[in-house]
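Asks: Coordinates only, no sequence provided:
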Ligand code: ADP
């Protein structure tokens, strides 16, 4: 795979208290640098703006009011990008922020503009970091979560692979946090069969979509012949996984 989209979940990029997980981010930057030195190109789709906003303001800011949530995203997005910029700079990489909404994928002219900007950034060796523009999005006009945003981005760029980093090793037959005997499903070549055979539990506290949206993302990219891998961001070395040296992770590829 030469063109890789990497999606980072909230619980992977931040700790429970909303502070950025520096160790994870440093490791990510290092891996992206290695991939780029190998001639591969990378786009990142990153969650974590809202919980970073909570981290910035403090615990009392966990309110559910929609405008409050949007305000948290506005605060946290800056915090998030600040961390990306500093960490990636340590590896001589530049990052660029792109905030998108559903309309950006529905309107041809807008989609074309995004494509051209993305391609320009990538030609310049810059790493685009994409997130949904939560500050301007009310629920009705939302893509809703970054698994699906990452899938749209993968298709738009015609990438070779979508890599989703979460806080679990992959998809299990039942929710791993609630069932100690859950087994990891390593390979999915029929998503409808999978859906019949697994049970889905709760998402992590700041996760939005959970497993449902990861399956939706798999359907979208597999529909274009592009595989999707779900792995544990806390322990997975992306490069090992790409080389088939790692046992963990779920790979979706419909033939
Ligand atoms: P992210 O923020 O990385 O997108 P989410 O919290 O939205 O992650 O979704 C991942 C969570 O889904 C995991 O923490 C896990 O506990 C939960 N989950 C529920 N059912 C399953 C299942 N069948 N297989 C794997 N994870 C599951």
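Replies: Yes, it's here. In this text, all values refer to a predicted model and were calculated from it rather than measured experimentally.

Asks: now the strands for the chain?
Replies: Under the criterion DSSP state E, strands of the chain are mapped to 3-8, 41-46, 95-100, 127-132, 161-166, 171-172, 184-185, 187-188, 228-232, 250-252.

Asks: Can you convert these into JSON lines and add a column each for mean pLDDT?
Replies: Conversion of the strands of the chain to JSON lines gives the following (pLDDT from 0 to 100):
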{"stretch": "strand 3-8", "mean pLDDT": "97"}
{"stretch": "strand 41-46", "mean pLDDT": "98"}
{"stretch": "strand 95-100", "mean pLDDT": "97"}
{"stretch": "strand 127-132", "mean pLDDT": "97"}
{"stretch": "strand 161-166", "mean pLDDT": "96"}
{"stretch": "strand 171-172", "mean pLDDT": "96"}
{"stretch": "strand 184-185", "mean pLDDT": "96"}
{"stretch": "strand 187-188", "mean pLDDT": "96"}
{"stretch": "strand 228-232", "mean pLDDT": "95"}
{"stretch": "strand 250-252", "mean pLDDT": "96"}
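
Asks: Next, give phi and psi for the residue nearest to residue 211 when sequence neighbours are not counted.
Replies: Once flanking residues are discounted, residue 211 sits nearest to residue 200: 4.9 Å by CB to CB, 6 or more residues apart in numbering. The C-beta positions use only the backbone N, C-alpha and C, and glycine is treated the same way. According to degrees, to the nearest 10, the main-chain angles of residue 200 amount to phi -110, psi 130.

Asks: what pLDDT does residue 203 get?
Replies: Looking at residue 203, its pLDDT is 73.

Asks: Same question for residue 52.
Replies: So, for residue 52, pLDDT stands at 92.

Asks: Please give me every residue in contact with the closest residue to it other than its chain neighbours.
Replies: Distances taken as CB to CB, 6+ apart put residue 76 closest to residue 52, at 3.3 Å, once the chain neighbours are dropped. Contact partners of residue 76, counting by CB atoms under 8 Å, 6 or more residues apart in numbering, are 18, 48, 49, 50, 51, 52, 53, 54, 55, 56.
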